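>>> Sequence first, predicted coordinates after that:
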Amino acid sequence: MVSNPYQSLQDRLGITETLPYTAHWSAAQDFLQLLTDHCLENMPTTIIECSSGLSTLVLARCCQLNKSGHVFSLENGIDFADATRRNLQHFGLASQATVIHAPLKKHTLDKTDFDWYSIDDLPENKIDLLVIDGPPGYIQHHSRYPALPLLHQRLSDQCTVFLDDAERDEEKEIVALWQEQFPFFKHTFIDTERGCSILRSRNPG
Ligand SMILES: C[S@@+](CC[C@H](N)C(=O)[O-])C[C@H]1O[C@@H](n2cnc3c(N)ncnc32)[C@H](O)[C@@H]1O
């Protein structure tokens, strides 16, 4: 029998049924543990996530345990969005998360075009926690770079940003670009299975 790589996370979250995951595509256990630690300790009100899936279930369960907070998950793939919505229903977490079908569209940043999520349907709330695990790297060079240029004005003063897959060279370059443009972020790299960059806002407002 294959052991469940997420068992300790499920135990922590009090989830008895095996969470749905896809090897290599779902966020890794240690990244989700870090997110869980952060959410349970800081109780963010508005969580925005770039790419839906297992991470949406985990974040929604944290909000349920906290009795506060809501996840808004941007997902470009309509089938993936539907699957995450079904899983939220199945695990009794539909009230804690909204999956927004957000097709990739052209955003021009500093004369460079990127395919990134449409944010037309994103609520105006200030963001307390931003989790970046998409779009996939194969879409384009620096695929996840637009997240901060496009969302930084919506971040709360105490916002925390988690970037998955941060041990990849492209993600390291993205973090360096962000630090040049947004020097009020303090960066911490955690040596998880795929690397996790955490940026904490020190924005005086
Ligand atoms: C790294 S995955 C997202 C993982 C998500 N945060 C989670 O923890 O499950 C990034 C994007 O890849 C796409 N994706 C997910 N599973 C996939 C698969 N098996 N094959 C191809 N694309 C996939 C979805 O559009 C998803 O938003």
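Right, received. Where do you want to start?
>>> Quick check: residues of the protein near the ligand?
Neighbours of the ligand within the chain, by CB under 6 Å from any ligand atom: 22, 25-27, 51-55, 75-77, 80, 133-134, 136. Yep, even glycine has a C-beta here, placed from its N, CA and C like the rest.
>>> Let me know the pLDDT of residue 202.
For residue 202, the model assigns a pLDDT of 74.
>>> Settle this for me: it is touching residue 182, isn't it.
No: in this structure, residue 202 is not within contact of residue 182 by CB atoms under 8 Å, at 10.2 Å.
>>> The two: which has the busier surroundings?
Neighbours per residue, other CB atoms under 10 Å: of residue 202 and residue 182, the larger number sits with residue 182, 16 against 11.
>>> ranges for the strands of the chain?
46-50, 70-75, 97-101, 104-109, 112-117, 127-132, 155-164, 185-190, 196-201 (DSSP state E).
>>> Show the pLDDT at the residue in the chain positioned nearest to the ligand.
Closest contact between the chain and the ligand, by CB to the nearest ligand atom, is at residue 53 (2.1 Å). Predicted confidence (pLDDT) for residue 53: 98.
>>> ok now do the spatially most central residue of the chain, which residues does it touch?
For the chain, residue 131 is the residue whose C-alpha lies nearest the centre (CA atoms, centre = their mean; 2.3 Å). Contact analysis of residue 131 by CB atoms under 8 Å, 6 or more residues apart in numbering lists 35, 47, 48, 49, 50, 55, 59, 161, 162, 164.
>>> where does the fifth one land on pLDDT?
Predicted confidence (pLDDT) for residue 50: 98.
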